[in-house]
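Undergrad: Need coordinates for the following:
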Amino acid sequence: MNLELYIDNTRVDLFKDEAITITDTQQNVRDIALVFAPFSQQFNLPASSTNNKIFKHYYNNDIINGYDARFRVDAIIKLDGADFKVGKIRLDSVSMKNNKAHAYKVVFFGNTTSLKDIFGDENLSALNPLSTYDMVLNNNDTLDAFRYGLQSSGLPATNLANRNVTMPLVTLQNYYSYDSTNTITTPNLHNVAWTQLRKELKPAIKCKRIIEAIQTQYNIQFNMANETGITSFFDSDVFDELYLWLHREKTPITNPETTVPLFGIDLDQRSKKLTFADFTYTSGTDYLSGGNLVVSDIYNYTIRIALDCNVGIDLEIISRDKLTNELLDYQTRITPANNFNVTLRDLNSGTLSSRTYDIEFRLNSSSSGIFDAETMLITRTLKDGTPVDSGNYSYNAFNLGQNIFIQDYLPDMKVLDYMTTLFKLFNLTAYTKRGSSKIYVETLDDFMSNGNTHDISKYIVVDKNTIDRPIPYSRINFNYAPSVTQTSLRYLNQFSQQFGNLNYSAPEKYDGQSYNVQVSGQRSQLINIIDENGDFTGNVFGWWVDAESKTTLGSPYMFFNRLVDSSEYPVTSSQYEQYNSAANATEDANHTLNFGIEFNEYTGNLNENSLFNRFYSQYIVKLFEEQARVVKFTAQLPSSIVLNYELNDVFIVNGQEYYINSIKTNLLTNKSELELITKQSAYTPSVLT
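TA: From the prediction side, this is the model:
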């Protein structure tokens with residue numbers, strides 16, 4: 001097979017005798033919690049004139065604007081002229097001989113592995129597209145979010161698909177009883193005023209909206225709609241019901257001296273966000289004609305905004321770059337402020353040749369205020385301070401409003417950790433397809449049920465093969481984060497088992513060790529409220545307090561949102577007949593968020609559709625089967641198979657069917673080391689969309 005490597009669309013020179021070995025594996029039986037993508041061992045590229053141009057003579061650190069090895073660059077491996085693997089190349093080092101560059105040492109990574117590079121260490125709060133779902137108090141948004149859900153501010157939801165934001169009945173302080181006679185003195189869900197109840201609630205957002213925001217923020221594309229033969233988990237019914245509770249802090253929102261502290265959303269704060277897009281160019285040089293401020297490495301830039309309020313107010317001003325979430329400036333005006341400037345000095349590109357800024361100026365106050373028309377001045381100077389030019393911009397008068405910014409309440413969780421949690425919960429796998437830039441995400445069962453079959457018997461090198469037992473584990477533990485809520489702590493004390501967890505053991509105690517699948521998420525038992533007659537009302541709520549009945553935090557909490565029918569037991573003094581609440585199971589009971597079998601708080605029935613049963617059992621049970629084997633072969637596969645196999649395909653060797661665990665291909669010798677798992681039974685899909 002003819003081997004070619006392209007870096008940034010330029011064909012690279014290769015050593016004639018240099019082996020490039022690609023390891024291809026989807027979900028390795030030796031580490032079931034990880035999802036893999038193609039990667040290579042380190043290999044060498046000659047320091048030819050072509051390669052020196054690509055790597056810009058990296059060995060010479062005197063070159064300005066040379067090759068930046070801190071970043072991976074686009075690469076394609078081709079076999080016989082066809083794309084074999086698409087991904088990234090990382091330059092590790094340059095080997096020298098006789099003071100001359102001899103070889104560039106590089107590693108190839110498949111596209112899926114680059115997700116970690118794309119997301120970096122950024123938190124969910126950096127997802128600026130989620131501002132679409134900000135709420136405004138005077139739009140009646142919180143009540144609509146509680147009763148129906150919201151499409152966006154001022155627009156109540158009409159169905160599950162557009163129920164983007166809810167205000168679920170998860171209380172941060174009070175334990176609620178239900179008494180239709182209104183004789184009890186404890187908090188009563190039947191007669192509590194909505195304006196009182198909302199003080200201890202926080203919103204939740206549909207997880208699908210977070211995935212969409214990730215696509216927009218990082219310019220990537222998941223398969224959000226079905227294609228022939230491919231199911232999309234992110235477009236499935238079960239994922240459409242999944243929500244993330246917006247609970248970041250357990251500290252009160254009220255002042256320390258407040259007699260009864262409040263822990264819900266901040267109902268008193270007045271705020272405003274200003275971005276470059278809000279300003280209109282008036283004169284001078286227009287630096288924002290492209291929408292953002294592009295800073296080159298030969299200039300410094302200064303931005304000054306003049307703010308003029310009609311009354312003196314206490315004010316907090318936060319300036320940050322939306323593209324990097326970097327805090328650029330923070331000011332507080334403790335004494336009442338009227339006229340003042342916000343100034344960002346000496347903005348520059350740092351170590352880059354240019355940098356793009358998209359700056360947000362946020363104003364917070366405990367008081368309302370009317371601001372007159374504002375001006376913004378951007379000045380550009382040389383590095384030595386010599387003025388070059390400037391540009392003027394304006395913005396209309398505005399008021400500080402009662403806004404609830406979604407990004408303020410997103411849990412303290414990295415984007416990558418959020419994605420990892422979803423992958424672990426539902427046993428997802430990700431991959432790319434030749435000729436497509438999409439990242440395909442499916443449950444492993446769905447992925448494995450759609451492969452093709454190849455008979456490779458005649459390509460096997462028959463001198464030797466190895467047969468191993470499939471997995472060195474006799475017990476697998478599925479664990480959420482430790483319990484923090486009082487209801488779940490009581491469950492732990494009663495059953496010596498954490499709510500939502502599962503310990504899976506092989507039927508017979510054969511030799512092996514334990515393996516833990518740890519999820520960065522919280523589970524909590526919910527409460528089906530009993531009325532004054534001792535009957536269940538069907539009104540279910542979450543109580544987010546610890547063993548001492550104090551507001552607690554815990555790990556990020558995901559749940560299935562349920563629009564509760566409360567017509568028989570209406571809630572609040574306004575007698576609302578429906579409201580949103582958390583659930584551990586979907587409304588049709590086909591899915592739960594418990595790894596093991598648990599009771600459904602809404603019905604009282606035992607639900608066996610656990611995460612293990614729905615998404616893990618096929619994969620793991622197959623590995624525990626007595627006849628399961630991992631068989632290693634060496635094969636000389638033709639290009640017709642190497643270029644077309646997928647990791648969900650089935651290989652046949654001498655009549656025996658095998659699933660692929662890993663393929664390690666030497667692109668110089670064209671030999672492949674195959675690690676295959678005996679197929680005892682076929683996979684069936686776990687998600688129907």
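
Undergrad: Residue most distant from the centroid, this protein?
TA: Asn98 (48.8 Å; C-alpha atoms, centre = their mean).

Undergrad: mind checking pLDDT for it?
TA: On the pLDDT scale, Asn98 is placed at 91.

Undergrad: so how far is Ala47 from it?
TA: Asn98 sits at a distance of 12 Å from Ala47 (criterion: C-beta to C-beta, to the nearest Å). (C-beta placed from N, C-alpha, C; glycine too.)

Undergrad: before we move on, what about Ile439?
TA: 34 Å.

Undergrad: show me the contacts for Gly451.
TA: Neighbour list for Gly451: 646, 648-650 [criterion: C-beta atoms under 8 Å, 6 or more residues apart in numbering].

Undergrad: So which of those residues wins on neighbours?
TA: Asn648 (20 neighbours; other C-beta atoms under 10 Å).

Undergrad: In which helix or strand does that one reside?
TA: Counting by DSSP states H and E, there is no helix or strand that carries Asn648.

Undergrad: Phe447 is in contact with that one, correct?
TA: Yes - if you go by C-beta atoms under 8 Å, Asn648 and Phe447 touch, sitting 5.0 Å apart.

Undergrad: what residues are shared contacts of these two?
TA: Gln26.

Undergrad: dump the residue contacts of Pro187.
TA: Pro187 touches 174-177, counting by C-beta under 8 Å, 6+ apart.

Undergrad: what's the closest of these to Gly312?
TA: Minimum separation from Gly312 among these (C-beta to C-beta) is found for Asn174, which lies at 37.6 Å.

Undergrad: That closest one: how many residues sit nearby?
TA: 19.

Undergrad: Quick check: it vs Asp346, distance?
TA: Asn174 is 51 Å from Asp346, by C-beta to C-beta.

Undergrad: Show the pLDDT at the closest residue in space to Thr10 that isn't next to it in sequence.
TA: Closest residue in space to Thr10, ignoring its immediate chain neighbours: Ile54 at 5.7 Å, by C-beta to C-beta, 6 or more residues apart in numbering. pLDDT, Ile54: 94.

Undergrad: Give the full set of residues in contact with Ile54.
TA: 7-8, 10, 12, 67.

Undergrad: In strands, which of those appear?
TA: 7, 10 (DSSP state E).

Undergrad: Out of the contacts of Ile54, which is nearest to Ile89?
TA: Ile7 (5.5 Å).

Undergrad: quick one: the closest one from Pro46, how far?
TA: Distance from Ile7 to Pro46, by C-beta to C-beta: 13 Å.

Undergrad: Tyr576 too?
TA: 73 Å.

Undergrad: And for stretch 71-86, what's in contact with it?
TA: With C-beta under 8 Å, 6+ apart, stretch 71-86 has contacts from 1-9, 20, 22, 38, 87-90, 108-111, 114, 117, 432, 434-435, 639, 642-643, 667.

Undergrad: of the contacts of Ile54, buried ones?
TA: 7, 12, 67 (16 or more other C-beta atoms under 10 Å).

Undergrad: Can you lay out those as TSV showing pLDDT and distance to Asp308?
TA: Shown next, in TSV, are the buried ones among the contacts of Ile54 (pLDDT from 0 to 100; distance: C-beta to C-beta, whole Å):
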residue	pLDDT	distance to Asp308
Ile7	95	54
Val12	95	59
Tyr67	90	49
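
Undergrad: Please name the bridge partners of the closest residue to Leu45 other than its chain neighbours.
TA: Spatial nearest neighbour of Leu45, excluding adjacent residues (C-beta to C-beta, 6+ apart): Tyr104 at 4.5 Å. Taking DSSP bridges as the rule, Tyr104 bridges to Leu45, Val94.

Undergrad: how near is Tyr104 to Gly521?
TA: Distance from Tyr104 to Gly521, by C-beta to C-beta: 42 Å.

Undergrad: returning to that earlier point: and the residue nearest to Thr10, backbone torsions?
TA: Note on Ile54: its backbone torsions stand at phi -60, psi -50 [degrees, to the nearest 10].

Undergrad: Tell me the strands beside whichever strand or helix holds Thr665, with direction?
TA: Element membership for Thr665, per DSSP H and E: strand 656-666. Here strand 656-666 is paired, per DSSP bridges, with strand 21-24 (antiparallel), strand 650-653 (antiparallel), strand 671-678 (antiparallel).

Undergrad: contact partners of it?
TA: 19-26, 28-29, 448, 453, 630-631, 637, 642, 645, 647-652, 671-679.

Undergrad: And for stretch 492-508?
TA: Here stretch 492-508 has contacts from 474-480, 482-483, 488, 491, 512, 523-525, 584, 593-596, 598, 610-612, 620, 624, using C-beta under 8 Å, 6+ apart.

Undergrad: Show me the shaky parts of the protein.
TA: Low-confidence segments of the chain, defined by pLDDT under 70: 27-37, 113-114, 334-338, 463-464, 468-473, 506-512, 623-626, 688-689.

Undergrad: 50 instead, please
TA: Counting by pLDDT under 50, the ranges of the chain that qualify are 29-30, 32-33, 689.

Undergrad: all helices for the stretch 51-200 of the chain, in order.
TA: Ranges of helices in the stretch 51-200 of the chain, per DSSP state H, counting those that start in this stretch, are 115-119, 141-147, 194-197.

Undergrad: do you know how far Thr10 is from Ala101?
TA: In terms of C-beta to C-beta, Thr10 sits 17 Å off from Ala101.

Undergrad: actually Leu246, not the one I wrote
TA: 53 Å.

Undergrad: now swap in Leu172 and tell me
TA: 62 Å.

Undergrad: now swap in Asp384 and tell me
TA: 36 Å.

Undergrad: Tell me which of the two has more neighbours.
TA: For the pair Asp384 and Ala101, the greater number of neighbours falls to Ala101 (19 against 6), based on other C-beta under 10 Å.

Undergrad: follow-up on the earlier one: buried members of the contacts of stretch 492-508 into PyMOL, please.
TA: In PyMOL, a selection of the buried entries from the contacts of stretch 492-508 looks like this (16+ other C-beta under 10 Å):
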select buried, resi 474+476+477+478+480+483+488+491+512+523+524+525+584+593+594+595+596+598+610+611+612+620+624
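
Undergrad: Nearest spatial neighbour of Leu377, chain-adjacent residues omitted?
TA: Of all residues not flanking Leu377 in the chain, Arg304 sits nearest, at 4.9 Å (C-beta to C-beta, 6+ apart).

Undergrad: Thought Val342 was touching that neighbour, still the case?
TA: Yes - in this structure Arg304 lies within contact range of Val342 using C-beta under 8 Å: 7.1 Å.

Undergrad: So between the two, which is more surrounded?
TA: Neighbours were counted for Arg304 and for Val342 using other C-beta under 10 Å; Val342 has more, 20 against 15.

Undergrad: three-state assignment of that one?
TA: Secondary structure, DSSP: H, G, I helix; E, B strand; the rest coil: Val342 is strand.

Undergrad: which ones are touching it?
TA: Val342 touches 304-305, 307, 317, 319, 329, 331, 361, counting by C-beta under 8 Å, 6+ apart.

Undergrad: Helix, strand, or coil at Tyr569?
TA: Classified using three-state DSSP, Tyr569 is coil.

Undergrad: Give me the number of neighbouring residues for it.
TA: 20.

Undergrad: next one: Ser354
TA: Ser354 has 11 nearby residues by other C-beta under 10 Å.
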